[in-house]
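**Student:** Sequence and computational prediction follow.
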Amino acid sequence: MKKLGILGSTGSIGTQTLNVIDTLDSGFEIVYLTANQNIELLINQSLKFNPKYVCIGDESKKDQIKKALSNLDCKIFYGRKGLLEISSCNEIDICLNGLVGASGMEPTVNVLKAEVDIALSNKESLVMAGDYINKLKIENNCQIFPVDSEHSAIWQCLVGENLDEIRKIILTGSGGPFRTRDLSSFENINISEALNHPNWQMGRKITIDSATMMNKGLEVIEAKWLFDLPPEKIDIIVHPQSIIHSMVEFLDSSVKAQLGVPDMKVPIQYALTYPNHIKSNWEELNLTKIGSLTFEEPNLEKFKCIKLAYDAMNAENSYPVVLNVANDNTVQAFLDGKIKFTDIPRLNEFAMEMHPVTNINDMKTIEELSNWTEKFIKEQI
Ligand code: MG
């Protein structure tokens, strides 16, 4: 019986994780669940999976959840403080972090400090604090299992391989909903157009990141830390069908790829059952039905966020933190109808240019930079 905690259980990754657990017949015990706002779903999940601990981010819902779970032997935590406490729980074998954005980073740190392995969907953790998180991983003898489909693909391609023999990795991206749209009309992109991803069903933040292709940029930084590769060994290729999830090219020019239907349940399951591929009933890949797989260079003029990510990665220091926090805030501002789609890359770049460049030595510096960036973006809106 594997003991599992889920951070962000009512989000897109969290609900799909519980779906995987529900259908797998391989014995998982849910020790904790956390949610930010969606109390109805958290209550239903708790009644079904009977966790030992639950955390609701919104403290105003304290009494409601207490009452609903009064028949369960379940301790309830509240707010950001509760989330940080629950993520330090060492009574589990593996934590799945499905939190959204920069706020998912500190819980990742706590999980590793508690000497617990982590299935990581929150890419912002590594973007902001990759160096520190990798150190914690080694110190505490833990493993990080990627949940992001591209990184899961690379991880699967690398089983049994020697990391010194990698020439480069190639992250695939669908190109999002605006791959063929003319740049001159990007200014007029509205929220519902940007939330309409052609292939993947995902949460709102990552769907907007896919539309700007910031997601692919963040994934490049995530890959650097997961696989210990320099930026020049990480390529992006646009592959509109999202069937090849990523590739690894070796020194002898041999290339390995991992394929599958675009369904996050597959990489979630592998992260939880590694090194095994356990029988599932997810949709099977039918290549003759798909017919053809196509590839294009990414358009860096249209999708400036990709270039910003490479710039941040090359500049190191505080740049990736500022880019990430700026992007969290600009995406939210776009979703709130406060800025235009084209303001997202513009303001992300402006924050990178204007911020006080510092070395990242500790969590406090990351927190100060995050506060600076959040305030800076709010002043521009
Ligand atoms: Mg991905």
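**Tutor:** Happy to help now that I have it.

**Student:** okay, CA-based contacts and neighbour counts for the rest of this
**Tutor:** Noted.

**Student:** need the contact list for Ala223.
**Tutor:** Neighbouring residues of Ala223 by C-alpha atoms under 8 Å, 6 or more residues apart in numbering: His151, Leu229, Ile234.

**Student:** To clarify, my last question referred to Glu249.
**Tutor:** Counting by C-alpha under 8 Å, 6+ apart, Glu249 has contacts Ile166, Arg167, Lys168, Ile169, Ile170, Val255, Lys256.

**Student:** which of those has the most neighbours?
**Tutor:** Using other C-alpha atoms under 10 Å as the neighbour test, these are led by Ile169, with 25 neighbours.

**Student:** ok and the residue in the stretch 251-381 of the chain nearest the ion?
**Tutor:** When scored by C-alpha to the ion, the stretch 251-381 of the chain has Met264 as its residue closest to the ion, at 9.1 Å.

**Student:** Touching, that residue and Ser152? I think so.
**Tutor:** No: Met264 is beyond contact range of Ser152, at 10.3 Å (criterion: C-alpha atoms under 8 Å).

**Student:** quick one on the thing from earlier: could you pick out which of the contacts of Ala223 are located in helices?
**Tutor:** His151 (DSSP state H).

**Student:** Where does confidence bottom out across the contacts of Ala223?
**Tutor:** Among the contacts of Ala223, Leu229 carries the weakest pLDDT, at 95.

**Student:** What separation do you get for the residue of the stretch 251-381 of the chain closest to the ion and Ser121?
**Tutor:** Separation of Met264 from Ser121 (C-alpha to C-alpha, to the nearest Å): 10 Å.

**Student:** Comparing these two, which shows the higher neighbour count?
**Tutor:** Ser121 (24 against 19).

**Student:** Can you pull out the low-pLDDT segments for this structure?
**Tutor:** Applying pLDDT under 70 to the chain flags the ranges 26.

**Student:** thinking again about what came up before, what touches both of Met264 and Ser121?
**Tutor:** Ile13, Asp148.

**Student:** still on that earlier bit, wait, which of the contacts of Glu249 is closest to the ion?
**Tutor:** Taking these together and measuring to the ion by C-alpha to the ion, the closest member is Ile170, at 12.6 Å.

**Student:** Just to be sure, that closest one is in a strand?
**Tutor:** Yes: Ile170 forms part of a strand when assessed by DSSP: H, G, I helix; E, B strand; the rest coil.

**Student:** Contacts only, for it.
**Tutor:** Contacts of Ile170 by C-alpha under 8 Å, 6+ apart are Ile234, Asp235, Ile236, Ile237, Ser246, Met247, Val248, Glu249.

**Student:** taking those residues one by one, which sit in strands?
**Tutor:** When those are checked against strands (DSSP state E), the matches are Ile234, Asp235, Ile236, Ile237, Ser246, Met247, Val248, Glu249.

**Student:** Return the distance of the nearest residue to the third one once chain neighbours are set aside relative to the ion.
**Tutor:** Read it as Ile236. Counting by C-alpha to C-alpha, 6 or more residues apart in numbering, Ile236 lies nearest to Leu171, which is 4.8 Å off, once chain neighbours are set aside. According to C-alpha to the ion, to the nearest Å, Leu171 and the ion sit 9 Å apart.

**Student:** Leu171 reaches His239, doesn't it?
**Tutor:** No: the pair Leu171 / His239 is not scored as a contact, 9.5 Å apart, by C-alpha under 8 Å.

**Student:** out of these two, which sits in the busier spot?
**Tutor:** It is Leu171, of Leu171 and His239, that has more neighbours when counted by other C-alpha under 10 Å, with 26 against 22.

**Student:** what residues does the protein put near the ion?
**Tutor:** Contact residues, the chain versus the ion (C-alpha under 5 Å from the ion): Asp148, Ser149.

**Student:** Got the phi and psi for the residue sitting furthest away from the middle of the chain?
**Tutor:** Distance from the C-alpha centroid of the chain, by C-alpha atoms, centre = their mean, peaks at Asn71 (34.4 Å). As for Asn71, its main-chain torsions (degrees, to the nearest 10) stand at phi -90, psi -10.

**Student:** one step back: excluding chain neighbours, what is closest to the residue of the stretch 251-381 of the chain closest to the ion?
**Tutor:** Looking at Met264 with C-alpha to C-alpha, 6+ apart, the closest residue is Ser149, at 6.8 Å.

**Student:** List the contacts of the one you found.
**Tutor:** Here Ser149 is in contact with His245, Met264, Pro267 (criterion: C-alpha under 8 Å, 6+ apart).

**Student:** So which residues of this structure form strands?
**Tutor:** 2-7, 28-35, 53-56, 75-78, 94-97, 117-120, 144-146, 166-173, 234-238, 244-250, 255-259.

**Student:** for those strands, which one ends up most surrounded?
**Tutor:** strand 94-97 (a mean of 28; mean count of other C-alpha atoms under 10 Å).

**Student:** Give the other helices and strands that that strand contacts.
**Tutor:** strand 2-7, strand 117-120 (3 or more C-alpha pairs under 8 Å, 6 or more residues apart in numbering; DSSP states H and E).

**Student:** just the CA coordinates of it, formatted as PDB?
**Tutor:** The C-alpha trace of strand 94-97 is given here as PDB (Å, rounded to 0.1, in the frame of the first residue of the first chain):
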ATOM      1  CA  ILE A  94       4.800  10.200  -2.200                       C
ATOM      2  CA  CYS A  95       3.200  13.600  -2.600                       C
ATOM      3  CA  LEU A  96       1.600  14.800  -5.800                       C
ATOM      4  CA  ASN A  97       2.000  18.500  -6.200                       C
END
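
**Student:** Show me what it pairs with in its sheet, parallel or antiparallel.
**Tutor:** Here strand 94-97 is paired, per DSSP bridges, with strand 2-7 (parallel), strand 117-120 (parallel).

**Student:** Look up how far Asn188 lies from Met213.
**Tutor:** From Met213 to Asn188 the distance is 17 Å (C-alpha to C-alpha).

**Student:** These two: which is more packed in?
**Tutor:** Met213 (30 against 11).
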